[in-house]
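**Student:** coords below, sequence missing:
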């Protein structure tokens with residue numbers, strides 16, 4: 001195999017950006033595209049001289065592809081991904097992998113049953129700083145983590161939410177900032193700091209006309225007794241991107257892709273138990289963290305899947321790891337709406353019943369004219 005043949009399902013938004021990205025990856029060849037809207041898929045097919053479809057099953061069954069990128073609205077990620085894997089076609093799902101943890105479980109189970117490669121577009125993991133942060137924790141350099149913090153805030157205008165009738169609706173998007181803008185940060189947060197075991201949350205709609213949340217905050221409890229805090233929003237400008245992991249031996253801070261590692265001369269508890277200095281605290285020193293030069297962005301994940309298929313290269317984002325951000329997303333949403341703490345793992349049946357209740361009362365503005373475009377920064381990657 002000289003190249004892995006890729007198909008894209010869903011070209012009206014992010015999929016169009018992926019069609020451009022694939023052209024720059026020597027291990028990949030774009031051979032087919034699909035969208036329910038002929039107007040969205042036709043120009044891409046014509047541009048690259050490839051086959052177009054309006055039914056994802058026909059694309060997957062065509063014999064033209066070895067892998068598919070699923071860039072549909074969220075609820076369809078599991079449907080398309082599972083069908084592809086059952087047909088022996090590798091699947092790369094856009095984030096989030098699903099809307100509910102139960103649907104995510106089904107994707108993971110299918111990948112395990114079929115042995116077909118499955119990954120998720122969490123490109124933040126590919127960066128050198130992210131890989132270095134993960135390594136620091138894996139090597140135990142922080143010691144036992146006793147506090148975490150995530151602040152991932154940004155801004156979306158009302159024009160953004162008005163650009164498509166499905167945006168910000170329970171029926172078609174499955175949530176607001178938590179399910180759309182926050183998954184990258186939540187994936188990184190849980191990948192580096194681990195998954196909490198209980199969530200107590202509050203969500204709100206601060207400034208947008210839509211059904212779902214544009215900000216969410218939560219207190220976190222971890223299995224080892226650690227505590228944490230998270231805040232995500234699309235209602236804040238300028239935005240903040242901060243993660244903090246406090247351990248007995250060191251503190252790691254990630255801000256805007258930069259790492260700050262502060263090593264303690266003595267573990268916190270040991271210092272507290274042994275010092276006779278009433279006002280003292282453990283001294284710390286800044287430690288330089290080597291950052292590997294690595295390919296980043298969507299191209300890194302697409303290339304990685306191709307090289308996994310061709311050469312067995314380990315996946316940067318194994319599909320089964322996508323469940324962690326899903327657990328956190330669903331726990332925060334349900335905790336806020338029910339006004340009670342929610343344990344992780346989330347009760348699958350309880351969340352299905354909960355989200356179905358929200359979907360039944362959801363109102364989609366069918367009169368709104370969808371603008372099927374993606375963020376300009378992704379169009380020419």
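**Tutor:** Perfect, I can see it now. This one's a predicted model, so the numbers in the text were calculated from it and none came from an experiment.
**Student:** residue contacts, the nearest residue to residue 41 once chain neighbours are set aside?
**Tutor:** Spatial nearest neighbour of residue 41, excluding adjacent residues (C-beta to C-beta, 6 or more residues apart in numbering): residue 35 at 3.9 Å. (C-beta placed from N, C-alpha, C; glycine too.) Residues near residue 35 by C-beta atoms under 8 Å, 6 or more residues apart in numbering: 9-12, 15, 41, 52, 54.
**Student:** And residue 135, by the same measure?
**Tutor:** Residue 135 neighbours (C-beta under 8 Å, 6+ apart): none.
**Student:** how far away is it from residue 141?
**Tutor:** 9 Å (C-beta to C-beta, to the nearest Å).
**Student:** same question, residue 250
**Tutor:** Relative to residue 141, and taking C-beta to C-beta, residue 250 is found at 6 Å.
**Student:** Now do the shared contacts for these two.
**Tutor:** Common neighbours of residue 250 and residue 141 (C-beta under 8 Å, 6+ apart) are 261, 263.
**Student:** before we move on, the earlier item: ok, so of the contacts of residue 35, who is nearest residue 337?
**Tutor:** residue 10 (28.6 Å; C-beta to C-beta).
**Student:** now the strands for the stretch 201-350 of the chain?
**Tutor:** Remark: strands assigned in the stretch 201-350 of the chain by DSSP state E, counting those that start in this stretch are 215-221, 227-233, 235-247, 250-255, 258-264, 284-287, 342-343.
**Student:** Can I get those strands in CSV including mean pLDDT?
**Tutor:** Below are the strands of the stretch 201-350 of the chain laid out as CSV (pLDDT from 0 to 100):
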stretch, mean pLDDT
strand 215-221, 98
strand 227-233, 98
strand 235-247, 97
strand 250-255, 98
strand 258-264, 98
strand 284-287, 98
strand 342-343, 98
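**Student:** Turn those into a markdown table, columns for mean neighbour count and distance to residue 201.
**Tutor:** Listed next are the strands of the stretch 201-350 of the chain as a markdown table, based on neighbours: other C-beta atoms under 10 Å; distance: least, C-beta to C-beta, whole Å:
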| stretch | mean neighbour count | distance to residue 201 |
| --- | --- | --- |
| strand 215-221 | 21 | 4 |
| strand 227-233 | 21 | 9 |
| strand 235-247 | 17 | 16 |
| strand 250-255 | 19 | 22 |
| strand 258-264 | 16 | 28 |
| strand 284-287 | 12 | 32 |
| strand 342-343 | 18 | 8 |
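**Student:** of those, which approaches residue 165 most closely?
**Tutor:** Across the strands of the stretch 201-350 of the chain, residue 165 has its closest neighbour in strand 235-247 (21.0 Å, C-beta to C-beta).
**Student:** number of nearby residues for residue 155?
**Tutor:** Residues near residue 155, counting by other C-beta atoms under 10 Å, number 15.
**Student:** per-domain residue ranges of this structure.
**Tutor:** The record's domain parsing of the chain by automatic domain parsing lists 4-124+296-320, 130-290+325-361.
**Student:** So which of the ones you listed is the most surrounded?
**Tutor:** Highest mean neighbour count of the domains of the chain: domain 4-124+296-320, a mean of 21 (counted as mean count of other C-beta atoms under 10 Å).
**Student:** Test my guess that residue 4 contacts residue 67.
**Tutor:** Yes - at 5.7 Å, residue 4 counts as touching residue 67 under the criterion of C-beta atoms under 8 Å.
**Student:** Now list whatever residues contact both of those two.
**Tutor:** With C-beta under 8 Å, 6+ apart, residue 4 and residue 67 have common neighbours 90, 305-306, 309.
**Student:** hmm, which two among these are most spread apart?
**Tutor:** 90 and 306 (9.0 Å).
**Student:** Overlap in contacts, those two.
**Tutor:** Counting by C-beta under 8 Å, 6+ apart, the residues touching both residue 90 and residue 306 are 4, 67.
**Student:** what's the closest of the strands of the stretch 201-350 of the chain to residue 71?
**Tutor:** strand 227-233 (22.2 Å).
**Student:** Show me what that closest one is packed against.
**Tutor:** Here strand 227-233 is seen to pack against strand 145-155, helix 183-193, strand 215-221 when contacts are counted using 3 or more C-beta pairs under 8 Å, 6 or more residues apart in numbering; DSSP states H and E.
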